[in-house]
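Participant: quick one: sequence plus predicted model below, questions after.
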Amino acid sequence: MNRVDSRARAQVIRCLAEGNSVRSTVRITGIAKNTIVKLLLEAAEVCREYQDSAIRNLTCKRLQLDEIWSFVGSTEKNTSAEKNAQGNSDVWTWTAIDADSKLIVSWLVGNRDSVCATEFVKDVASRLKHRVQLTTDGHRPYIVAVEAAFGADVDYAVLEKIYGKPEG
């Protein structure tokens, strides 16, 4: 890492921010894959620290909370016990978005369980300046998590979508 100057580091970050893969960034910059991955991890940590300190005392009025499914390496049903121990499996990104500004107030990558739900919603609550209107889907862990994080100091609604053929 010490041999990569600031200009080359900036070029790597620009490539990745533009949506280039790590391998294409290697081809574009001539910098080794492992070096690019290390730089990406360093940049991610700096961004996480900045977001954690800067996104505080928010005056959001309406927040929408949801989770997005993805996987690392392979899906849970296609992951061996050995690969699972290495971290390959399903993963969920919990998101809280301000309905008006579209700011991502908070996010958490983890399992889709009550432990992650509680940690996530407590983080959301810690970033807000005042009472907020909160909307989630029907995922049950939200109910306990919202109570634990906000108590009665929230306007909370569950929006359940019903899919099917329209009547008529």
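Facilitator: Ah, there it is.
Participant: residue 71 contacts residue 87, correct?
Facilitator: No: the criterion here is CB atoms under 8 Å, and residue 71 misses it with residue 87 at 10.7 Å. The way it works is simple: take the backbone N, C-alpha and C, and place the C-beta from them, glycine included.
Participant: more neighbours: which of those two?
Facilitator: Between residue 71 and residue 87, counting by other CB atoms under 10 Å, residue 71 is the more crowded of the two (15 against 10).
Participant: who does the host helix or strand of residue 27 touch, helix- and strand-wise?
Facilitator: Secondary-structure element containing residue 27, defined by DSSP states H and E: helix 22-29. When contacts are defined as 3 or more CB pairs under 8 Å, 6 or more residues apart in numbering; DSSP states H and E, helix 22-29 packs onto helix 6-17, helix 33-54.
Participant: so can I have CSV of those showing mean pLDDT and mean neighbour count?
Facilitator: Supplementary listing: the helices and strands packed on helix 22-29 in CSV, determined by pLDDT from 0 to 100; neighbours: other CB atoms under 10 Å:
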stretch, mean pLDDT, mean neighbour count
helix 6-17, 96, 14
helix 33-54, 95, 12
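Participant: would you list those helices in JSON lines and tack on distance to residue 99?
Facilitator: Below are the helices and strands packed on helix 22-29 laid out as JSON lines (distance: least, CB to CB, whole Å):
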{"stretch": "helix 6-17", "distance to residue 99": "26"}
{"stretch": "helix 33-54", "distance to residue 99": "19"}
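Participant: residue 124 is nearest to which of the ones you listed?
Facilitator: Nearest to residue 124 among those is helix 33-54; the distance by CB to CB comes to 12.7 Å.
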